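A.B. asks: Build me a model from this:
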Amino acid sequence: MDYINELPSLIASCAMIIGPVIGYVFQYFDIKREKSAKGFSSKVCLVLLIANILRLFFWYGLPFDNALALQSVLMIIVQIILLRVWHEYELGNTVGKIFIQRNDEFWSWTDFSKYMKFLGFFITSIGILTLVQTLLINDPLYFQIIGVFSLLIESTLPLPQIYKNYTNRSVDFNLVLFFSWIGGDSLKTIYFYFSGAPFQFMICGIIQLSLDVVILIQMLMYKKNESTVQENI
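C.D. replies: From the prediction side, this is the model:
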């Protein structure tokens with residue numbers, strides 16, 4: 001009968017692993033369907049990739065709930081796939097399947113392999129630092145700092161989207177993804193509290209919820225402006 005008592009905990013863990021990525025799956029299919037990545041910021045992928053890579057190193061040094069580590073692994077895979085489709089439709093022009101070159105700015109590279117090289121370099125660099133720390137220094141403070149950076153970076157996730165909404169003066173953004181953000185961040189914060197996750201997770205959840213509210217305000221504000229413009233036409 002123990003497995004019956006553990007069932008709610010198992011369901012909560014599975015929801016914690018799968019739930020945060022669902023919105024990005026919808027975003028992927030939305031880009032494929034529209035053949036356009038307009039309205040989606042690739043910096044979202046950057047933030048989530050860096051944050052979740054760091055979180056895995058945090059988990060390695062100061063183990064916490066395995067569900068959160070598995071969530072990071074799944075999120076990294078999904079973000080690489082989403083980044084690939086963003087790259088195809090945002091930086092590529094499918095007229096005659098000719099690739100239109102742009103300036104190779106950071107995280108706007110026309111060569112997709114550069115994204116993978118950057119991630120490989122980042123993982124290798126943090127891995128070497130972690131190896132030196134583990135073998136020679138062995139100070140738990142290192143992993144606490146990694147954890148703080150990981151969760152602070154993740155908490156800024158909505159900022160690229162907020163900026164893009166501001167510059168476009170509109171919110172051309174997958175609503176399923178947005179509501180998965182605000183719903184997921186609410187559930188994550190509750191889960192962090194009851195699972196006894198490190199304090200960094202709680203701080204991250206609170207900041208993310210606050211930024212989600214900013215996007216919601218943008219949605220309402222720009223929608224109102226669009227309605228006003230249409231009435232004046």
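
A.B. asks: and the spatially most central residue of the chain, what helix or strand is that in?
C.D. replies: Central residue of the chain (C-alpha atoms, centre = their mean): Leu48, 3.3 Å from the mean position. Taking DSSP states H and E as the criterion, Leu48 maps to helix 43-61.

A.B. asks: Met75 too?
C.D. replies: If you go by DSSP H and E, Met75 is part of helix 66-90.

A.B. asks: so how far is that helix from its chain's centroid?
C.D. replies: From the chain centre to the centre of helix 66-90 is a distance of 8 Å (C-alpha atoms, centre = their mean, to the nearest Å).

A.B. asks: got the buried residues for that helix?
C.D. replies: Going by neighbour count (16 or more other C-beta atoms under 10 Å), the buried part of helix 66-90 is 67-72, 75-76, 78-79, 82-83, 85-90. All C-beta atoms are positioned from the backbone trio N, CA, C, and that covers glycine.

A.B. asks: Over to stretch 128-140?
C.D. replies: Neighbour counts over stretch 128-140 (16+ other C-beta under 10 Å) mark Thr130, Gln133 as buried.

A.B. asks: What score does the residue nearest to the centre of the chain have for pLDDT?
C.D. replies: Leu48 is assigned a predicted lDDT (pLDDT) of 93.

A.B. asks: Return the residues in contact with it.
C.D. replies: With contact taken as C-beta atoms under 8 Å, 6 or more residues apart in numbering, Leu48 is in contact with Met75, Ile76, Gln79, Glu154, Leu157.

A.B. asks: Helix or strand with the lowest mean pLDDT in the protein?
C.D. replies: helix 199-232 (a mean of 77; mean pLDDT, DSSP states H and E).

A.B. asks: which residues sit in contact with Leu46?
C.D. replies: Leu46 sits in contact with Trp107, Pro160, where contact means C-beta under 8 Å, 6+ apart.

A.B. asks: Try it again at 7 Å.
C.D. replies: Residues near Leu46 by C-beta atoms under 7 Å, 6 or more residues apart in numbering: Trp107.

A.B. asks: ok, now Glu6?
C.D. replies: Neighbours of Glu6 in contact, by C-beta under 7 Å, 6+ apart: none.

A.B. asks: Let me know the helix or strand that it is in.
C.D. replies: Per DSSP H and E, Glu6 falls inside helix 2-34.

A.B. asks: how many degrees apart are that helix and helix 43-61 in direction?
C.D. replies: If you take axes from the mean of the first three to the mean of the last three C-alpha atoms, to 10 degrees, helix 2-34 sits at 150 degrees to helix 43-61.

A.B. asks: and helix 2-34, which residues are buried?
C.D. replies: For helix 2-34, by 16+ other C-beta under 10 Å, it's 12-13, 15-17, 19-25, 27-28, 30-31.

A.B. asks: nearest to Cys204, of the residues you listed?
C.D. replies: Pro20 (12.1 Å; C-beta to C-beta).
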